[in-house]
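Student: Based on what follows, work out the 3D shape:
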Amino acid sequence: MKILLVSQYFYPESFIINDIVRTLVFQGHSVSVATGKPNYPDGNIYPGYSEKKFTKDWFFSCVPVYRAPLRPRMNSGAKNLFLNYFSFVINGIRFFPNAVKNENFDVVLVFAMSPITAALPAIYLKWKFGKHLAVWIQDLWPESLSATGFVKNKWALRLVGCMVRAIYAFTDTLLVQSRAFYEPVARYAKPSKIIYYPNSYLELPINETPSTLIPAELLSVLNGGFCLVFAGNLGTAQSLETLVQVSERLKYLSEFRLILVGSGSMLSWIEEQKVLKKLDNLVLAGRFPSSEMPQIFSRAAGLLVTLKREEIFAYTIPSKVQAYLAAGRPVIAALDGEGARVIEEANAGLTCPAEDVDGLVRCIETLFQMSPLEREKLGQSGRNYFLKHFEMGRQCQRLVEILESQINKKGSEK
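Tutor: The predicted structure follows:
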């Protein structure tokens, strides 16, 4: 299959879509990418890339990557984000059609993280070339705008809802990353268009060579005591206040260490809390490349995921859940909705409601009291679930099957 991928974010920005493209190519499919200039998450155009010029480079040596100029996110803020989103739409419509006019692709696939407006250049490509358009929805608009407080005006939210309805109307196939997305997406689109297609995870080998970037001190901490690892963005959505309170409550467990791997907007606040509350059991490890994460996960007694208590977050499965399940370690989750359901269905660990400090403390104490054999059983159950539902090779095959089926179905209706 020949796929034209439209995504505002792509390599060297770190997102699941990079591994999806790599896997599709490995399986024998042809992929071209229409994207913007990399500037996420820091807000500045990456070194080696020009902000203003339309450029072409290569990914994985055989994937052409067409990059439209855009206004970088800068230091975020509503104005900067609007200009970032708007510039991708305008320049995507301006440059992408001419760039791909000689490529005989079968389908236009949109990787639709925020903003959903990234689908607008793809709609133009669908119209211009008469191709099937599939949008893989990663975030719910307008719900996420309301939940994060980015847009508070009710009339503005209704206007965004009208735009979402129009985008979905022009789309042939809507892929949703969570089963809980069905209902909110169906408010703006025909249910017959909606197909569940989850995020997946590309397993990486455990690197234990002397060239590892993980400091010896951190490896020593992981190898001793009872360590829980929280990996990923340290931002407002992750309910880090809950983790600080849990660390304070569990000071009495001398063997317990909570290791936060990552960075984000809340890092400085956590550093302050660690000093203020004398949280010696809270370890701020910093960021590491994805290639280093398997050996961190493999040494943990358990892997931790938390989100705030917001309706929008109950719809989603945090992307780290797939990576945690693949690691074969027990998962402790303070989540509502779909994320908790997956962990419970997989029998992969222990769950409690989002922001439930008492419940999370109990989950950690329960895991601490388990034998190594009991923990191993939870981890293996989660890994078996991962192999069945989230392994990237299998899921990429299913993606192609879905797209081919939808294209054929659309063709038979003409």
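Student: what are the ranges of the strands in the stretch 101-250 of the chain?
Tutor: 107-112, 132-137, 173-176, 194-196, 226-231 (DSSP state E, counting those that start in this stretch).
Student: Over to the stretch 301-414 of the chain?
Tutor: Using DSSP E, counting those that start in this stretch, strands in the stretch 301-414 of the chain cover 302-306, 331-334, 349-352.
Student: strands paired with the first one, and their directions?
Tutor: It refers to strand 302-306. strand 226-231 (parallel), strand 331-334 (parallel) (DSSP bridges).
Student: ok, Gln295 touching Leu218?
Tutor: No: Gln295 is beyond contact range of Leu218, at 10.6 Å (criterion: CB atoms under 8 Å). C-beta coordinates here come from the backbone N, C-alpha and C atoms, glycine included.
Student: so how many other residues sit close to Lys388?
Tutor: Lys388 has 10 neighbouring residues, counting by other CB atoms under 10 Å.
Student: related to what we said a few turns ago, the strands of the stretch 301-414 of the chain: which one's closest to Ser290?
Tutor: When the strands of the stretch 301-414 of the chain are compared by CB to CB, strand 302-306 sits nearest Ser290, at 14.8 Å.
Student: Show me what the closest one is in contact with.
Tutor: 228-231, 238-240, 242-243, 258, 297, 318, 320-321, 324, 327, 329-335, 339, 349, 354, 360, 364, 367, 375 (CB atoms under 8 Å, 6 or more residues apart in numbering).
Student: ok, 6 Å please
Tutor: 228-230, 238-239, 242, 318, 320, 324, 329-334, 367 (CB atoms under 6 Å, 6 or more residues apart in numbering).
Student: of all these, which comes closest to Ala186?
Tutor: Taking those together and measuring to Ala186 by CB to CB, the closest member is Pro318, at 22.8 Å.
Student: how near is that closest one to Leu219?
Tutor: Pro318 is 26 Å from Leu219, where distance means CB to CB, to the nearest Å.
Student: who's more crowded, those two?
Tutor: More crowded of Pro318 and Leu219, by other CB under 10 Å: Pro318, with 22 against 15.
Student: Give the full set of residues in contact with the more buried one.
Tutor: Contacts of Pro318 (CB under 6 Å, 6+ apart): 305, 339.
Student: and what of the one 10 residues further on?
Tutor: The neighbours of Gly328, taking CB under 6 Å, 6+ apart as the test, are 379-380, 383.
Student: out of those, which is most surrounded?
Tutor: Gly379 (25 neighbours).
Student: Mind checking which residue lies nearest the centre of this structure?
Tutor: Ser319 (4.4 Å; CA atoms, centre = their mean).
Student: Find the residue closest to Phe15 in space, skipping its chain neighbours.
Tutor: Tyr9 (5.2 Å; CB to CB, 6 or more residues apart in numbering).
Student: which one of the strands of the stretch 101-250 of the chain lies closest to Leu267?
Tutor: Short answer: strand 226-231, nearest of the strands of the stretch 101-250 of the chain by CB to CB, at 12.5 Å.
Student: Just the CA coordinates for the closest one, please, in PDB.
Tutor: Only the C-alpha atoms of strand 226-231 are listed here, as PDB (Å, rounded to 0.1, in the frame of the first residue of the first chain):
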ATOM      1  CA  PHE A 226      11.700  -1.400  46.000                       C
ATOM      2  CA  CYS A 227      11.600   1.000  43.100                       C
ATOM      3  CA  LEU A 228       8.600   2.300  41.200                       C
ATOM      4  CA  VAL A 229       9.300   4.200  37.900                       C
ATOM      5  CA  PHE A 230       7.100   6.900  36.500                       C
ATOM      6  CA  ALA A 231       8.300   7.800  33.000                       C
END
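Student: Could you list the residues in contact with it?
Tutor: Against strand 226-231 from outside (CB under 6 Å, 6+ apart): 255-262, 300-304, 320, 368.
Student: Stretch 276-284 too?
Tutor: So stretch 276-284 is contacted by 247-248, 256-260, 274 (CB under 6 Å, 6+ apart).
Student: So which other helices or strands are in contact with the helix or strand of the chain with the lowest mean pLDDT?
Tutor: Here the helix or strand of the chain ranked lowest by mean pLDDT, DSSP states H and E is helix 143-147, holding a mean of 79. Judged by 3 or more CB pairs under 6 Å, 6 or more residues apart in numbering; DSSP states H and E, helix 143-147 is in contact with helix 311-314.
Student: elements contacting the helix it packs on?
Tutor: helix 143-147.
Student: Keeping just the C-alphas, turn the helix it packs on into PDB.
Tutor: Provided in PDB are the C-alpha atoms of helix 143-147 (Å, rounded to 0.1, in the frame of the first residue of the first chain):
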ATOM      1  CA  GLU A 143     -13.400  18.600  24.900                       C
ATOM      2  CA  SER A 144      -9.600  18.800  25.400                       C
ATOM      3  CA  LEU A 145      -9.600  22.600  24.900                       C
ATOM      4  CA  SER A 146     -12.300  23.000  27.600                       C
ATOM      5  CA  ALA A 147     -10.600  20.500  30.000                       C
END
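Student: Could you check how far the residue nearest to the centre of the chain is from Gln138?
Tutor: Separation of Ser319 from Gln138 (CB to CB): 9 Å.
Student: Equivalent analysis for Gly349, please.
Tutor: 24 Å.
Student: If you count surrounding residues, which of the two has more?
Tutor: Between Gly349 and Gln138, counted using other CB under 10 Å, the more crowded position is Gly349 (26 against 23).
Student: What residues are bridge-paired with the closest residue to that one other than its chain neighbours?
Tutor: In space, and not counting its chain neighbours, Gly349 is closest to Val331: 3.6 Å by CB to CB, 6+ apart. Partner residues in beta bridges with Val331, using DSSP bridges, are Leu303, Gly349.
Student: I am finished for the moment; much appreciated.
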